[in-house]
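*Asks:* test case, fold it:
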Amino acid sequence: MSGCSPEDKGVDTGILESLLGYHARRASLAVVGRFMEHMAPHGLRPVDFSVLTLIAQNPGITSRQICAALAIQPPNLVGLVGSLQQRGLIERRPHPQDGRAVGLHLTSAGQALHQAACATASAAEAEAARALTPREQATLVRLLRKLYSDA
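*Replies:* Residues are numbered from 1 along each chain as shown. As a prediction, this is how the structure comes out:
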């Protein structure tokens, strides 16, 4: 993100250049960095946006389901859910089928923020992927999914 590439400094990155993880990490840094820049006015990190999106698309989703969908450890989600609730974006309600579980729902403020954040996320993604054609983007997503779906 600093605009300084290894070549500018005469650094040999030969072995690194042959590693998939190296390129995946560099791409991730570029995409996530742009996402965070765009999402800063909303006060959302990528994980916050992901959790809000899952709740928006699955009203009443449980914390356990969110952990499974996003590969998050339960202790890490507790603070995140607490923070979103404290901001007035989500609320906990008794789960209709499981008396021991609590379902998560967006508040009206959460719905409004999520709607605005979705537009922002789309703009950030378009900017991050501007060097790729739509077909290349679809191929990249398909290939990346293959890497983590089989893990």
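*Asks:* for the most centrally placed residue in the chain, give me its contacts.
*Replies:* The centre of the chain sits closest to Pro46, judged by C-alpha atoms, centre = their mean, with a distance of 3.7 Å. Contacts here follow C-beta atoms under 8 Å, 6 or more residues apart in numbering; on that basis Pro46 touches 32, 35-36, 39. (Each C-beta comes from the backbone N, C-alpha and C, glycine too.)
*Asks:* Tyr22 now?
*Replies:* Listed by C-beta under 8 Å, 6+ apart, the contact set of Tyr22 reads 13, 16.
*Asks:* where along this protein do the strands fall?
*Replies:* Counting by DSSP state E, the chain has strands at residues 90-94, 102-106.
*Asks:* quick one: mean pLDDT over the first one.
*Replies:* The average of the pLDDT scores along strand 90-94 is 95.
*Asks:* strands paired with that strand, and their directions?
*Replies:* Strand pairing for strand 90-94, using DSSP bridges, gives strand 102-106 (antiparallel).
*Asks:* out of the contacts of Pro46, which is nearest to Arg93?
*Replies:* Closest approach between the contacts of Pro46 and Arg93, by C-beta to C-beta: Met39, at 26.8 Å.
*Asks:* neighbours around the closest residue to that closest one other than its chain neighbours, how many?
*Replies:* Once flanking residues are discounted, Met39 sits nearest to Thr120: 5.9 Å by C-beta to C-beta, 6 or more residues apart in numbering. Thr120 has 18 neighbouring residues, counting by other C-beta atoms under 10 Å.
*Asks:* between the two ends of stretch 38-46, what distance do you get?
*Replies:* In stretch 38-46, first residue to last residue: 11 Å (C-alpha to C-alpha, to the nearest Å).
*Asks:* what comes up buried for it?
*Replies:* Neighbour-count burial for stretch 38-46, counted by 16 or more other C-beta atoms under 10 Å, picks out 38-39, 42, 44.
*Asks:* same thing with stretch 83-97?
*Replies:* 84, 89-90.
*Asks:* out of the residues you listed, which one sits closest to Ala116?
*Replies:* Comparing the buried residues of stretch 83-97 against Ala116 with C-beta to C-beta places Leu89 closest, at 11.9 Å.
*Asks:* how many neighbouring residues does the residue nearest to Pro59 when sequence neighbours are not counted have?
*Replies:* Distances taken as C-beta to C-beta, 6+ apart put His105 closest to Pro59, at 5.2 Å, once the chain neighbours are dropped. Neighbours of His105 under the rule other C-beta under 10 Å: 16.
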